[in-house]
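> Please find the sequence and the predicted model below.
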There are 2 protein chains.
Amino acid sequence: MSRNDSEDTAPLAHRVPDLGAMELLLAVARHGSLGRAARDLGITQPAASSRVRSMERLLGVALVDRSPRGSRLTAEGVLVTDWARRVVEAAEAFDAGAQALRGRRDSRLRVAASMTIAEYLLPGWLIALRAERPGTAVSLSAGNSAVVAERLLADEADLGFVEGLGVPVGLDSAVIGHDRLVVVTAPTHPWARRRGPLLPAELAATPLISREHGSGTRQVLDAALAAHGGLAEPLIELASTTAVKAAVVSGAGPSVLSELALGEELAARRLVQIPVEGVRLRRDLRAVWRQGPLPAGPARDLLSLARPT
Amino acid sequence: MSRNDSEDTAPLAHRVPDLGAMELLLAVARHGSLGRAARDLGITQPAASSRVRSMERLLGVALVDRSPRGSRLTAEGVLVTDWARRVVEAAEAFDAGAQALRGRRDSRLRVAASMTIAEYLLPGWLIALRAERPGTAVSLSAGNSAVVAERLLADEADLGFVEGLGVPVGLDSAVIGHDRLVVVTAPTHPWARRRGPLLPAELAATPLISREHGSGTRQVLDAALAAHGGLAEPLIELASTTAVKAAVVSGAGPSVLSELALGEELAARRLVQIPVEGVRLRRDLRAVWRQGPLPAGPARDLLSLARPT
DNA sequence: ATGAGCCCATAAGCTGGGTTTATGAGCAGG
DNA sequence: CCTGCTCATAAACCCAGCTTATGGGCTCAT
């Protein structure tokens, strides 16, 4: 009834091959043969053949050159496969995260992490961990620094990750990396057209769009700008990083966010980064654990993966 | 018959919700209601309800808190949604690229780009272009610098993108960004354990895994190391960047690759970056067009998006 | 030559997940 | 207390993707 919309408005899932098809395409690229790709994925050769065909029909592009001696990607197929690989990699990160989230109490490694770290860094670490120590069952819970500390102290978690200035009492920690905070606005904002960098006092005096209290970002910003007149009252406070980004994109005002959260938006120029002069807007990313010797076993494995971020 | 493999070995697509489900989850997060999310995607409310349910069953995690006044994400749901967003974004890039690849000859903007740029940067630009100038039909063809130049001169393309040292004759150009080349090895390679940076002469003397001839990377490397004894014969030459990366990961030897191609591998520590002393391994990324005034219309729109990479 | 062993395509039939329509139940607010 | 929103359940449908069965093309070894 409503299928013949302009192709721009149809749901994404109808314009893009599904994950299984993309996996298949990657397998074809790896093996150079539809049949072997099929076997690799545990399906039959006709299934693979038909699936690749329907993918080509959907995209309107020939992806593989079939020959009696095998199948090779066409020039377009190489490109499509590379794009598909990125989708599949994102799906693998999703999977790694979801598996940890479902993780049972009896997991060998119970991790508690701040939202930002759980969202952007942990899936990658889990994939690496799976590669190095297959079969390590990890369970994940996410929350702010206080929650992480609480879980560690209650022995409900073996290893934690937090960002922010201090280390909660009762815990030992190691810095595993840093995180730059950046000032962003919509491309239409006056700051986006400035010639010189922003002065700390200007930033301090400007009401920002910010996360609700308890955010590690806020802490760092407060400390950095204390010497420049103190932080102005927020323009508006929102519940999630995503909501903040959406508000900034829509032009509601500037904000200060972790660069980890901004990859996509900066690349697509939905947001613009505003340089600031003479303030160090960095914060440490820390692994934390109950006071005492460095945790052994799987916790140590994960820690060594996370180290040089 | 072979379903009950350990859950690690089942195909990814069976462990992860499909793109439609992820889109739905994002819509639920946006709208705070299953019903409204359903309407937004053009399906009925029971369909949405059942789909979210089956997603929760698949993941083994409650994602939304249902109430008679709407649905909000649970804490786990927030995390899952953020991971899903990254998958969907990758799928959007896929879609943008695929649409351009299918683009007809009558497109308003015909782009020719080098593989690296087409693969890593163009989809993002196309998404941004779609946001700013909806309805601009773009067609894309990919090839090395010579092919790009040829297509421009034959008036089969309006705008090109190349990386490398020189600008082909007959074309004007503008630098739109830079691209660092980095030396990488498997984490097990001796270079990964060095204390100090690599010396240019060492790099020059070592056989590398490299792309086949004509690669822009090779050109730059040759020029940079000419003063240090010249580049050694390649250890092995492979057809695609992907094949090179796979070989390096497997420990076959070191290689020099564009940092654009290395995001995932470095983050997951499958590859390690080796610092090099005193050589500038950079190359320009350039937009190119037929000699004459800067192209107008959609070409100019795209150019201005690509500019400050 | 001729058969074996790859490759891929086509055809027919089954199955299950996602859909719709139809209905009901819980809570809010005029 | 009725209207309007929320979500859940049940039954029927449909199609995408799967399997099995088959055939044709090419290459290589016998």
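Good, I have the coordinates. Numbers count the residues shown, from 1 in each chain, chains lettered A, B, ... in the order given.
> what's the residue most central in space within chain A in contact with, if anything?
The centroid of chain A falls nearest to A:Tyr120 when counting by CA atoms, centre = their mean (3.1 Å). By CB atoms under 8 Å, 6 or more residues apart in numbering or on different chains, the contact set of A:Tyr120 is A:Leu260, A:Ala261. The way it works is simple: take the backbone N, C-alpha and C, and place the C-beta from them, glycine included.
> Quick check: phi and psi on it?
With angles defined as degrees, to the nearest 10, A:Tyr120 sits at phi -100, psi -30.
> With A:Val276 instead?
Dihedral angles for A:Val276 - degrees, to the nearest 10 - are phi -120, psi 140.
> do the same with A:Val52
Dihedral angles of A:Val52 (phi, psi; degrees, to the nearest 10) stand at phi -60, psi -40.
> how close does A:Ala201 get to A:Pro234?
Distance of A:Ala201 to A:Pro234, given as CB to CB, to the nearest Å: 18 Å.
> cool, A:Gly35 as well?
The value you get for A:Gly35 to A:Pro234, if CB to CB is used, is 60 Å.
> Next: A:Arg300.
A:Arg300 sits 40 Å away from A:Pro234, taking CB to CB as the criterion.
> who's more crowded, the two?
A side-by-side neighbour count of A:Arg300 and A:Pro234, using other CB atoms under 10 Å in any protein chain shown, places A:Pro234 first with 17 against 13.
> what residues does the stretch 1-150 of chain A put near DNA strand D?
Residues of the stretch 1-150 of chain A found near DNA strand D (CB under 7 Å from any atom of the strand) are A:18, A:20-21, A:42-44, A:46-48, A:50-51, A:54, A:68-69.
> So which bits of the stretch 51-200 of chain A are right by DNA strand C?
By CB under 7 Å from any atom of the strand, the residues of the stretch 51-200 of chain A that approach DNA strand C are A:Val52, A:Arg53, A:Arg66, A:Ser67, A:Pro68, A:Arg69, A:Gly70, A:Ser71.
> Quick check: A:Leu231 touching A:Ala204?
Yes: the pair A:Leu231 and A:Ala204 qualifies as a contact (CB atoms under 8 Å) at a distance of 5.8 Å.
> hey, what's in contact with both of those two?
A:Leu225.
> which non-adjacent residue is nearest A:Ala306?
Closest residue to A:Ala306 apart from its sequence neighbours, by CB to CB, 6 or more residues apart in numbering or on different chains: A:Ile176 at 4.8 Å.
> tell me which element the one you found falls in.
strand A:171-185 (DSSP states H and E).
> Name the residues of that strand that are buried.
Neighbour counts using 16 or more other CB atoms under 10 Å in any protein chain shown place A:Leu171, A:Ser173, A:Ile176, A:Gly177, A:Asp179, A:Leu181, A:Val182, A:Val183, A:Val184, A:Thr185 of strand A:171-185 among the buried residues.
> That strand pairs with which strands?
Within its sheet, strand A:171-185 is paired with strand A:255-258 (antiparallel), strand A:272-274 (antiparallel), strand A:282-290 (antiparallel), according to DSSP bridges.
> Which one, of these, ends up nearest to A:Arg133?
strand A:282-290 (17.0 Å; CB to CB).
> Could I get the buried residue list for the helix or strand that the closest one is followed by?
Following strand A:282-290 in sequence order, the next helix or strand is helix A:298-306 (DSSP H and E). Under the neighbour-count criterion of 16+ other CB under 10 Å, helix A:298-306 has A:Pro298, A:Ala299, A:Asp301, A:Leu302, A:Leu303, A:Leu305, A:Ala306 buried.
> got it, and stretch A:256-274?
Those would be A:256-262, A:264-265, A:267-274, for stretch A:256-274 by 16+ other CB under 10 Å.
> Show residues contacting it.
With CB under 8 Å, 6+ apart, stretch A:256-274 has contacts from A:116, A:119-121, A:163, A:179-187, A:189, A:191-192, A:194, A:197-198, A:203, A:208, A:210, A:217, A:221, A:241, A:244-245, A:248-249, A:254, A:281, B:86, B:89, B:124, B:127-128, B:131, B:305.
> Just the ones of these in helices?
Under the assignment DSSP state H, those contribute A:116, A:119-120, A:203, A:217, A:221, A:241, A:244-245, A:248-249, B:86, B:89, B:124, B:127-128, B:131, B:305 to helices.
> pLDDT wise, what is the residue lying farthest from the centre of chain A at?
Farthest-out residue of chain A from its mean C-alpha position, per CA atoms, centre = their mean: A:Pro68, at 42.6 Å. pLDDT for A:Pro68: 91.
> Kindly report the same for the one 10 residues further on.
Per-residue confidence for A:Val78 comes out at a pLDDT of 93.
> Can you find the residue of the stretch 201-309 of chain A that comes nearest to DNA strand C?
A:Ala239 (20.5 Å; CB to the nearest atom of the strand).
> residues contacting A:Leu221?
Taking CB under 8 Å, 6+ apart, one finds A:Leu181, A:Leu231, A:Val256, A:Leu281 in contact with A:Leu221.
> Point out the least confident member of those, please.
Out of these, that is A:Leu231, at 80.
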